[in-house]
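[1] let's see this in three dimensions:
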Amino acid sequence: MDTIASLFSFITTPVSWVIVQFHKLYGALFGDDTGWAWGLSIVSLVVLIRICLIPLFVKQIKSTRNMQVLQPKMKAIQERYKNDKQRQSEEMMKLYKETGTNPLSSCLPILAQSPFFFALYHVLSSIASGKTIGVIDQPLLDSARQAHIFGAPLAAKFMDSEEKVAALGASLTDVRVVTAIMIVMMSASQFFTQRQLMTKNVDLTVKTPYMQQQKMLMYIFPVIFAVMGVNFPVGVLVYWLTTNVWTMGQQMYVINQNPTPGSKAQDQYLSRVLKGVSSHGQVRGRTRRNTVKAIVAKGPDRNDIERKFITGLSKMGLAAQEDGTVVKSDAAVLEAEGGAAPKRQQPKRQPKAKRHTAAATHHPGTAKSSGSTGSDSKTSLKKQDASQDDKPKAAGKPAASGSSRQAKSGQRKGPQRPKHPSKK
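    Here you go, the predicted model:
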């Protein structure tokens with residue numbers, strides 16, 4: 001590690017200068033020889049470096065998302081040219097060039113941060129050895145050697161001997177307890193950061209080898225940090241723990257505000273946007289309007305989560321516009337995502353009495369004629385019944401069934417249908 005750190009000795013002077021400037025600021029508040037002054041100087045160095053690396057972090061996010069989108073195409077190329085590695089590499093490079101994707105962009109923040117990490121390691125190793133380095137002269141060196149963070153010297157390591165720790169004015173137990181806690185926290189923060197990326201910000205509809213690799217890294221990285229952490233000075237552990245916490249917070253913000261399409265985080269984000277629209281009747285915030293604008297621009301290429309969002313707006317009687325705003329809509333607008341058109345309401349069926357009244361109103365002549373016909377038929381029936389009652393019946397003979405049976409009131413004259421044998 002010392003050999004690697006010496007390769008970055010050219011940057012030790014700028015790093016030591018930044019630490020000294022922050023130490024002057026915090027030394028005036030907490031004291032020059034306190035662990036708070038030196039520890040917060042290292043934390044401030046991390047924050048300054050990570051702020052400068054924000055543009056690279058944005059490129060990393062874009063590159064990671066492009067790689068996720070390209071995974072199905074890359075898999076198809078690998079299967080198509082599995083026997084021709086050279087052609088496979090050419091097609092891969094062609095795909096990267098067409099889409100503007102750089103596979104190394106995802107590693108840019110780590111690569112850019114590495115020189116500062118090794119430079120800080122070199123500075124702290126020199127402090128532990130009692131050597132001046134960069135702008136840290138002898139008085140600053142003595143002050144740094146006296147600084148303790150929760151009882152552990154700034155330059156002490158977990159694997160240091162008891163004599164070396166005693167020379168720094170501390171006990172081996174304190175050093176190992178503090179370094180062990182910091183190593184566990186460093187590994188846990190790395191695991192949580194990677195797990196957050198895998199469970200919330202990955203398109204779950206695309207199953208590719210890339211996802212399996214990320215799952216492996218989720219468990220491999222914390223183990224690597226734990227193994228390497230036993231050889232890190234306390235100051236370097238402070239540096240790496242701070243940068244892990246910063247990365248976790250930065251990634252959490254990106255996931256909440258700009259999630260990957262098709263991921264669980266996008267579903268949660270669009271649910272919050274939909275809730276805000278239902279409360280205020282409009283899309284609030286430039287970021288949210290840009291998100292709605294991008295969804296509208298996709299048209300039929302939207303994923304299921306985005307279609308669900310457009311459907312939710314339609315149920316509220318709203319339609320998303322091309323500028324990211326929403327307007328009131330009388331009909332549910334589902335054409336954009338290829339949904340079905342709203343069903344036409346069928347008129348209610350009127351009661352039978354109303355239908356007869358309406359028919360009588362539209363055709364009065366027919367109604368009158370039918371009424372007169374009905375009255376005439378009733379009169380003729382009465383006359384026929386009366387004439388039949390006047391005829392004498394044959395004595396001692398029962399009434400004949402069938403045609404000779406007299407029709408009862410309300411029944412049809414003539415031969416009746418014989419009953420079924422089972423009903424007799």
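[2] my guess is residue 165 contacts residue 173, does it?
    No. Counting by C-beta atoms under 8 Å, residue 165 does not reach residue 173; the two are 9.3 Å apart. Backbone N, C-alpha and C define where each C-beta goes, glycine included.
[3] more crowded one of these two?
    The neighbour count for residue 165 versus residue 173, taken as other C-beta atoms under 10 Å, is higher for residue 165 (20 against 11).
[4] secondary structure element for the more buried one, which one?
    helix 162-167 (DSSP states H and E).
[5] buried stuff in that helix?
    Under the neighbour-count criterion of 16 or more other C-beta atoms under 10 Å, helix 162-167 has 164-165 buried.
[6] against which helices or strands is that helix packed?
    helix 172-200 (3 or more C-beta pairs under 8 Å, 6 or more residues apart in numbering; DSSP states H and E).
[7] okay, now the unreliable bits of the stretch 301-424 of the chain?
    Low-confidence segments of the stretch 301-424 of the chain, defined by pLDDT under 70, are located at 330-352, 354-356, 358-424.
[8] with the chain instead?
    Per-residue confidence of the chain (counting by pLDDT under 70) places the weak regions at 1-9, 65, 68-69, 71, 103-108, 202-214, 330-352, 354-356, 358-424.
[9] so which residue is dead centre in it?
    When C-alpha atoms, centre = their mean is applied to the chain, the residue found nearest the centroid is residue 265 (1.7 Å).
[10] quick one: it from residue 282, how far?
    Spatial separation of residue 265 from residue 282 under the definition C-beta to C-beta, to the nearest Å is 23 Å.
[11] residue 226 too?
    Computed with C-beta to C-beta, the distance linking residue 226 and residue 282 is 50 Å.
[12] pick out whichever of these two has more residues nearby.
    When neighbours are counted by other C-beta under 10 Å, residue 226 and residue 282 differ, and residue 226 comes out ahead with 16 against 13.
[13] quick one, phi psi at residue 169?
    With angles defined as degrees, to the nearest 10, residue 169 sits at phi 80, psi 40.
[14] number of residues surrounding it?
    Other residues within reach of residue 169, judged by other C-beta under 10 Å, total 11.
[15] I'd assumed residue 153 was in contact with it.
    Yes. With contact defined as C-beta under 8 Å, residue 169 counts as touching residue 153 (6.7 Å).
[16] which residues do these two both contact?
    Common neighbours of residue 169 and residue 153, using C-beta atoms under 8 Å, 6 or more residues apart in numbering, are residue 145.
[17] ok, the residue nearest to the centre of the chain - contacts?
    Neighbouring residues of residue 265 by C-beta under 8 Å, 6+ apart: 200-201, 255-256, 259.
[18] what do you get if the cut-off is 6 Å, keeping everything else the same?
    Each residue near residue 265 by C-beta atoms under 6 Å, 6 or more residues apart in numbering is listed here: 200-201, 255, 259.
[19] which one of those residues is nearest residue 60?
    Nearest to residue 60, judged by C-beta to C-beta, of these is residue 201 at 12.7 Å.
[20] just give me how far the helix holding residue 165 sits from the chain centre.
    Counting by C-alpha atoms, centre = their mean, to the nearest Å, helix 162-167 is centred 51 Å from the centre of its parent chain.
[21] stretch 298-310 now?
    Centroid separation for stretch 298-310 versus its chain: 14 Å, with C-alpha atoms, centre = their mean.
[22] show me what counts as buried in stretch 148-157.
    For stretch 148-157, the buried set under the neighbour-count rule, 16+ other C-beta under 10 Å, comprises 148-149, 152-157.
[23] so residue 200 sits against residue 262, correct?
    No. Using C-beta atoms under 6 Å, residue 200 makes no contact with residue 262, being 11.8 Å away.
[24] please, where are all the strands along the stretch 201-350 of the chain?
    With strands called from DSSP state E, counting those that start in this stretch, the stretch 201-350 of the chain shows them at 318-320, 326-328.
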